[in-house]
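K.L.:
Predicted coordinates and the sequence they were generated for:
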Amino acid sequence: MTPSQRPLNLALCAAGLLAAALPALAQKTETATVQEVTITAQKVTGLASKTPVALSVITGDDLRDAGIITSTNLPDAMPNLQIGAAGFAVRGVQSQDSTEKGDPSAAFFLDGVYVPRWQDQALALFDIARVEVVRGPQGTLYGRNATAGAVNVITNKPGSKLTGLLNLELGNYNTRRFEGALTLPVSDMLSLRAALSVNKHDGYTPTSNGRRALDDQDTTAARLHGLLRFNPDTSLLVTVDASQVRGLGRAYVLRAQAVDANGVFTENRLQAPLADAHLKTDSDGIAAEFKTALGFADLTAQYSRRHPRDASVYYPGNNRTFDHTADAHEQQLEVRLSSPASASALQWVLGAYAFKEHGRVGLLLPDFFGPGVELNFVQNPYDSTSQAVFGQATFRLDQATRLTAGLRQTRDEKSRTGATIQGGVAQPGGNDAATAYSQTNWRLGIDHDLAKDLMIYGSVSTGYKAGGFNDGNITTKPTTLYYRPETLLAVESGLKGRFFGNALQLSAAVFAYQYKDMQVTSTVPNSATGQDTFNAAKASISGAELEGKWTVSSAGRVNFGLGLLRARYDDFTPKQGYNWAGYTLDRSPRTTLNLGYQHQFSLPDGSNITALLGTRYSASYVISRLSAPEQLTQPSYTKTDLTVTWNAASDAWYVQAYAKNIENRSVVVNETANRYWYGDPRTVGLRTGYRF
């Protein structure tokens, strides 16, 4: 056994021992219990503990207790989840192209609406019911660009009672946050829910002239749900939302400043040079979801339009700024039929999906090639479309065993018309390209109940991420203009159980992936966007996860999550003369551990104080610089958070004191074209809120 195989083999042995021993523990005892969570990760309503896929769920109350207010904080609470260059990295699977021609590897959904751009994904989590993160390729139900998994954010919906909430926060770095929501029943048929979030703080990285610091935040977001219930089986939910992002933006650190002589990232937040940068990013959308029961099936139809746009001046970290303009229109339609809730022997989902993105983007870089020689990069328009039909069915063989099979056929098309203008002169050939791909994905699975509250499962599935093109044209890049789709074959097995009278909720999984034509992104010197994507021939990923909640007493609860990962290139030549076979994939720490303990202290007046201490450990990981080529190392670290919350006896009021990243670790979390930026430093503050 090689050292690299030991974590997975140990995990497989542990899973076998658990499967053999845990049925005896799944017996009822008198103790406090872990609350069941209802999810929709498989496009139908079900219990998290009964869904045979690897997933993590965190409720809105848990988000509040842990102080998680943006999607970038989610890795603090979930195993094998990292922030990547263009979205989330799950189990080492990620996208590195954050431009309009790139696609994420983990599909992000807000109330079922696909949100393809990281700028929209990173907004504050406000008025949230729960967040579901499904790990592993979701090629059947979610389709392309879900090779890593899917992140589902579900907001609070209107109800039949007058309810609301108000949250206020003050903290260091002049933090000021506000969140408010109100449900208003207008009639027996119509109910509304409005929510508003304002999130501001000063920058973490000072500029050399003492002006406002970079790494600041100034975001405002609002959402309005309108729910029409025509009868108990038929409803229409209409949602409108809008958001804006202002401030100075990120403080990027160049490679020469970010690492030491050994290529290891340092923790020094360097003072940023003067930069006249500012953000001006806006987005709005409208979505409608219609549901009805047809008798033989339940019908769900969802349509959405989103309009993200940008007119920002960015600071790339080299004493220069550049103007960025973008305007996109995204449309999505999905129609599903699913078996009625009364179905027993056979449960199924059939659907059709269509997505279209149409937009333009421009970059203006003054003095890029010298004084007075600007670079103007214009793409107008770019288009991306995707159509798919899919189906998945689960057949009950007997009372304890079920078989699942799924299939999806996808057709993707991309095109772009553009130009690179240097010093007022358009370069020959422009940036014109067009491509199309089709792919069939499938899933086979089996799950079996070892006991009433203990299930084991296994699956084999495929994933697919669309191909695309780079900047340039077929004349200037005859062999590298286009890159192929990446495909993934995944094998996974796991168990889920509730033990000691539901006091312990436990899930474990082991998995192995085989990649073909993995898409990797490299920096291109003297390029407007700075990135080209191409295919690495083969890569393999294997690992294990253990996650759970244990109510150890009526007052105490332990949360834990362990991730083990081995992610390697099997065949990859980033540059002529370099062989990276056996090298580690980016943002793939061998071990991640999330551990937290929450304790509630009851007070004589009926109120209580709840303390939550949680820490996240990450082993070291690499971030590649393919143009060199080299791999830079982020050392291992721990980040610990503490919240202490007083809750009124009526559960209406709360006051919370918090400290996040107590160690004040400066961790490199993202990279764009060899420019790196750090995560949040230590933050402390007070929150208070009222709900009715």
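P.N.:
Structure's in. What do you need?
K.L.:
Just give the nearest non-adjacent residue to the spatially most central residue of the chain, would you?
P.N.:
In the chain, the centroid-proximal residue (Cα atoms, centre = their mean) is residue 88; its distance is 4.2 Å. The shortest distance from residue 88 to any non-neighbouring residue, by Cβ to Cβ, 6 or more residues apart in numbering, is to residue 106 (4.1 Å). Quick note: C-beta positions are derived from backbone N, CA and C, even for glycine.
K.L.:
can you pull the contacts of the one you found?
P.N.:
84, 87-90, 93-95, 146, 148-151 (Cβ atoms under 8 Å, 6 or more residues apart in numbering).
K.L.:
just to revisit the earlier point, doesn't the residue nearest to the centre of the chain lie inside a strand?
P.N.:
Yes: under DSSP: H, G, I helix; E, B strand; the rest coil, residue 88 falls within a strand.
K.L.:
and it, bridged to which residues?
P.N.:
In this entry, residue 88 is beta-bridged to residue 83, by DSSP bridges.
K.L.:
got the contact list for it?
P.N.:
By Cβ under 8 Å, 6+ apart, the residues touching residue 88 are 74, 81-82, 94, 104-106, 108, 133, 148-149, 151.
K.L.:
can you pull the pLDDT of residue 516?
P.N.:
The score at residue 516 is 90. That number is its pLDDT.
K.L.:
Break down this protein into its helices, ranges please.
P.N.:
Under the criterion DSSP state H, the chain contains helices at 6-21, 60-66, 118-121, 255-258.
K.L.:
mean pLDDT lowest for which of the ones you listed?
P.N.:
Across these, helix 6-21 gives the lowest mean pLDDT, at a mean of 43.
K.L.:
any residues touching stretch 399-408, and which ones?
P.N.:
Contacts of stretch 399-408 (Cβ under 8 Å, 6+ apart): 52, 139-141, 143, 388-397, 440-449, 459, 461.
K.L.:
Dig out what residue 551 forms beta bridges with.
P.N.:
With DSSP bridges as the rule, residue 551 is bridged to residue 557.
K.L.:
For beta bridges, what are the partners of residue 387?
P.N.:
Using DSSP bridges, the beta-bridge partners of residue 387 come out as residue 354, residue 411.
K.L.:
okay, now it: neighbour count?
P.N.:
By other Cβ atoms under 10 Å, the residues close to residue 387 number 17.
K.L.:
Strands along the stretch 551-692 of the chain, start to end?
P.N.:
556-571, 591-602, 608-618, 621-625, 630-634, 637-647, 653-660, 668-672, 675-678, 683-691 (DSSP state E, counting those that start in this stretch).
K.L.:
which one of the ones you listed has the lowest average pLDDT?
P.N.:
strand 668-672 - the lowest mean pLDDT of those, at a mean of 77.
K.L.:
helices and strands around that one, which ones?
P.N.:
Secondary structure elements in contact with strand 668-672, counted by 3 or more Cβ pairs under 8 Å, 6 or more residues apart in numbering; DSSP states H and E, are strand 81-84, strand 675-678.
K.L.:
Now do the same contact list for the nearest residue to residue 522 once chain neighbours are set aside.
P.N.:
Leaving aside its sequence neighbours, residue 522 sits nearest to residue 626 (Cβ to Cβ, 6+ apart; 3.7 Å). If you count contacts by Cβ under 8 Å, 6+ apart, residue 626 has them with 520-523, 574-575.
K.L.:
list the contacts for residue 489?
P.N.:
Here residue 489 is in contact with 460-462, 513-514 (criterion: Cβ under 8 Å, 6+ apart).
K.L.:
should've said residue 245
P.N.:
Neighbours of residue 245 in contact, by Cβ under 8 Å, 6+ apart: 119, 123, 218-219, 279-282.
K.L.:
same thing but at 10 Å, please
P.N.:
Residues counted as contacts of residue 245 (Cβ atoms under 10 Å, 6 or more residues apart in numbering) are 119-120, 122-123, 199, 217-221, 279-283, 310, 312.
K.L.:
likewise residue 561?
P.N.:
56, 77-81, 507, 545-549, 592-596, 616.
K.L.:
ok, back up a step: distance of the residue nearest to the centre of the chain from residue 620?
P.N.:
Separation of residue 88 from residue 620 (Cβ to Cβ, to the nearest Å) stands at 20 Å.
K.L.:
Kindly report the same for residue 458.
P.N.:
Taking Cβ to Cβ, one finds residue 458 at 32 Å from residue 620.
K.L.:
cool, residue 320 as well?
P.N.:
Distance, residue 320 to residue 620, by Cβ to Cβ: 32 Å.
K.L.:
can you map out the strands along the stretch 1-150 of the chain?
P.N.:
38-39, 46-47, 55-59, 81-84, 87-90, 106-110, 113-114, 128-135, 149-155.
K.L.:
measure the closest residue to residue 684 other than its chain neighbours to residue 639 for me?
P.N.:
Among residues not flanking residue 684 along the chain, residue 659 sits closest, at 4.7 Å (Cβ to Cβ, 6+ apart). Distance, residue 659 to residue 639, by Cβ to Cβ: 11 Å.
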